[in-house]
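Participant: Provided below for reference: sequence and predicted model.
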Amino acid sequence: MATSFFRKLAKATPIAFNNAFGGQPKSSFSKFRLPLGAIAAASGGISYYYYFSSPNLVHLDQINDVTGPKIALNPDKWIEFELQDTARVSHNSRLFRFSFDPSAKLGLDVASCILTRAPVGQDAEGKTKYVIRPYTPISDPDSRGYFDLLIKVYPEGKMSQHFASLKPGDVVEVKGPIEKLRYSPNMKKHIGMHKKCKAISSPETSIVLTHASHARHQVL
Ligand SMILES: Cc1cc2nc3c(=O)[nH]c(=O)nc-3n(C[C@H](O)[C@H](O)[C@H](O)COP(=O)(O)OP(=O)(O)OC[C@H]3O[C@@H](n4cnc5c(N)ncnc54)[C@H](O)[C@@H]3O)c2cc1C
């Protein structure tokens, strides 16, 4: 159930759960208070930057070669992931938990995203047309057997409406990861994430991730 979904999520995700809106939780879902704005801004910001800022996106085609846990994602193939559970987080955002082989990891590192696709009819030649959108899982990269997406549902949004229509047991096709920077703990002293270019720290000590339109100001 959704409550146990959140319990699992609270255990699995190394984030402090706070209510981003400052109010009292209104439902049992919100007893694990989520910093939704922060999560969405951080994950979206990082991934937006990485997705669009470089003409040379690196697909980790070597990821399945490393020894260790099995990896669920494949950067070259669309793979179906089954929706296990959903939970409403706010009036327009929902959590979606997808499951896979419980002995496997998703295979996505920090600062990476996945691509999702859904069929939206056929072209003139009868070939399936797809809508494709990137998303940034918010679950712990080391989680086995599942990943979580936090998605804002737009009234006319092609993919987010598709997500909103899904029922447990339905599948979504996923490809990835898309990775630009292989982040490792303590590789930099400071990490900044912001939409507008303001103070940028010392190039020697910081990573500054900016909105795509300001990507030229990135400092590594
Ligand atoms: C790297 C990356 C990671 C991301 N991660 C996440 C994530 O974790 N969670 C998340 O929620 N989102 C994330 N996004 C955003 C996500 O990819 C989609 O853009 C988002 O879900 C909207 O897609 P959609 O198909 O639902 O909406 P779309 O169909 O693309 O439409 C979006 C909105 O724009 C409006 N719109 C569309 N076309 C027009 C038009 N011509 N004129 C005016 N308005 C229009 C629609 O009505 C709708 O409100 C990420 C984006 C990137 C680049």
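Facilitator: Sure thing, it's come through.

Participant: average pLDDT for stretch 74-84?
Facilitator: Averaged over stretch 74-84, pLDDT sits at 97.

Participant: To clarify, my last question referred to stretch 117-131.
Facilitator: 95.

Participant: what's the following helix or strand after the helix or strand of the chain with the lowest mean pLDDT?
Facilitator: Ranked by mean pLDDT, DSSP states H and E, the weakest helix or strand in the chain is strand 58-59, scoring a mean of 42. Following strand 58-59 in sequence order, the next helix or strand is strand 70-71 (DSSP states H and E).

Participant: Would you list the strands that that next one pairs with, along with their directions?
Facilitator: Strand 70-71 has these partner strands in its sheet, going by DSSP bridges: strand 104-105 (parallel).

Participant: which helices and strands does the following helix or strand past the partner strand pack with?
Facilitator: For strand 104-105, the succeeding helix or strand toward the C-terminus, using DSSP H and E, is strand 112-122. Strand 112-122 makes packing contacts with helix 36-52, strand 128-135, helix 158-165, strand 171-179 when contacts are defined by 3 or more Cβ pairs under 8 Å, 6 or more residues apart in numbering; DSSP states H and E. Quick note: C-beta positions are derived from backbone N, CA and C, even for glycine.

Participant: Which pLDDT does the model give residue 183?
Facilitator: What the model reports for residue 183 is a pLDDT of 79.

Participant: That one - nearest residue in space that isn't next to it in sequence?
Facilitator: Spatial nearest neighbour of residue 183, excluding adjacent residues (Cβ to Cβ, 6 or more residues apart in numbering): residue 110 at 4.6 Å.

Participant: My understanding was that the one you found contacts residue 184; is that so?
Facilitator: No. Using Cβ atoms under 8 Å, residue 110 is not in contact with residue 184; the gap is 9.0 Å.

Participant: In terms of packing, which of those two has more residues around it?
Facilitator: Comparing residue 110 with residue 184 by other Cβ atoms under 10 Å, the one with more neighbours is residue 110, at 15 against 9.

Participant: Distance of that one relative to the ligand?
Facilitator: Per Cβ to the nearest ligand atom, to the nearest Å, residue 110 is found 13 Å from the ligand.

Participant: Next up, phi/psi of the closest residue to the ligand within the chain, please.
Facilitator: Closest contact between the chain and the ligand, by Cβ to the nearest ligand atom, is at residue 157 (2.3 Å). Main-chain dihedrals, residue 157, degrees, to the nearest 10: phi -70, psi 130.

Participant: neighbours around it, how many?
Facilitator: Around residue 157 there are 16 residues (other Cβ under 10 Å).

Participant: Repeat that for residue 109.
Facilitator: 15.

Participant: Tell me if I'm right that it and residue 181 touch.
Facilitator: No. If you go by Cβ under 8 Å, residue 109 and residue 181 don't touch, sitting 9.0 Å apart.

Participant: Below-threshold pLDDT in the chain: ranges please.
Facilitator: 1-67, 180, 194-220 (pLDDT under 70).

Participant: Pop the domain breakdown of it in here.
Facilitator: 2-183, 184-220 (automatic domain parsing).

Participant: what about the residue of the chain closest to the ligand, distance to residue 92?
Facilitator: Residue 157 sits 10 Å away from residue 92, going by Cβ to Cβ, to the nearest Å.

Participant: tell me which residues of stretch 112-119 are tucked away?
Facilitator: Within stretch 112-119, the residues that count as buried by 16 or more other Cβ atoms under 10 Å are 112-118.
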